[in-house]
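Visitor: Okay, sequence plus prediction incoming.
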Amino acid sequence: MLHRLDTPTSGLVLFALAQDAFDYLIYQQKNDMIIKEYRAKSKGAKELLPGFPPFIYDECSSIISGFRNYGPKGASVRPVLPSDNQKVYKTEVIREGDDSFICTITQGFRHQIRCHMAWAGYPLIGDEKYGGFEGEFGLEAIGLTFKDPVSRKVISIKI
């Protein structure tokens, strides 16, 4: 398995069937060549949870941060503003409808989209950990784009 989804997240996951294919896909992932697309659903803003810095980006934009563990046993994460000596992760956010967003990432950190959306004031539906309203969990992996390890042709899968 090349990447995994948070337990409540549904949708696409990428698996390699051979070691050489896995190695090539890992190379792509480390070099931001695999694009993962998610549909995120939110009913809108609630009060920002403790531990979040002030939000510094436009509502629908590129959200960039490092992360730190937060809470008992590091059960959740909080964004850390980018600095020179820290790895950063980017979530591209486009509003799709009133309660729906398309989020795109290349490299992911645990709870990245969930945390970035909550930070932007749009916690996911069903995501109690990040302040979301009750309901069915609002995150689904809907697209993957990568180069086939054998043919080197770009493959784009969307559901």
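Guide: Structure's in. What do you need? Numbering: from 1, shown residues only.

Visitor: Nearest residue to F67 in space, please, no chain neighbours.
Guide: The spatial neighbour of F67 that comes closest, neighbours along the chain excluded (C-beta to C-beta, 6 or more residues apart in numbering), is V77 at 4.5 Å. Heads up, the C-betas are built off the backbone N, CA and C, glycines and all.

Visitor: I102 versus the one you found, what's the distance?
Guide: Using C-beta to C-beta, to the nearest Å, V77 is found at 22 Å from I102.

Visitor: repeat for G11
Guide: Distance check for G11 against I102: by C-beta to C-beta, it reads 13 Å.

Visitor: Give me the common contacts of those two.
Guide: 38, 142 (C-beta atoms under 8 Å, 6 or more residues apart in numbering).

Visitor: what about V77 and I102, which has more around it?
Guide: V77 (23 against 17; other C-beta atoms under 10 Å).

Visitor: what's near enough to touch that one?
Guide: Counting by C-beta under 8 Å, 6+ apart, V77 has contacts 67-70, 109-112, 115.

Visitor: Output those as CSV; include the columns secondary structure and distance to L5.
Guide: Shown next, in CSV, are the contacts of V77 (DSSP: H, G, I helix; E, B strand; the rest coil; distance: C-beta to C-beta, whole Å):
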residue, secondary structure, distance to L5
F67, strand, 17
R68, strand, 22
N69, strand, 19
Y70, strand, 21
F109, coil, 13
R110, coil, 11
H111, coil, 11
Q112, helix, 11
C115, helix, 15
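
Visitor: what's the closest of those to E96?
Guide: Q112 (18.6 Å; C-beta to C-beta).

Visitor: can you tell me how far the closest one sits from W119?
Guide: Distance from Q112 to W119, by C-beta to C-beta: 11 Å.

Visitor: middle-most residue in the chain, spatially?
Guide: For the chain, the residue nearest the mean C-alpha position is I113 (3.3 Å; C-alpha atoms, centre = their mean).

Visitor: wait, isn't that one in contact with I105?
Guide: Yes. I113 is in contact with I105 according to C-beta atoms under 8 Å; the separation is 6.8 Å.

Visitor: Run through the strands of this protein in chain order.
Guide: 10-11, 35-41, 62-70, 76-80, 89-95, 100-105, 139-147, 154-158 (DSSP state E).

Visitor: Please report which of the contacts of V77 has the highest neighbour count.
Guide: Most surrounded of the contacts of V77: other C-beta under 10 Å gives C115, at 27 neighbours.
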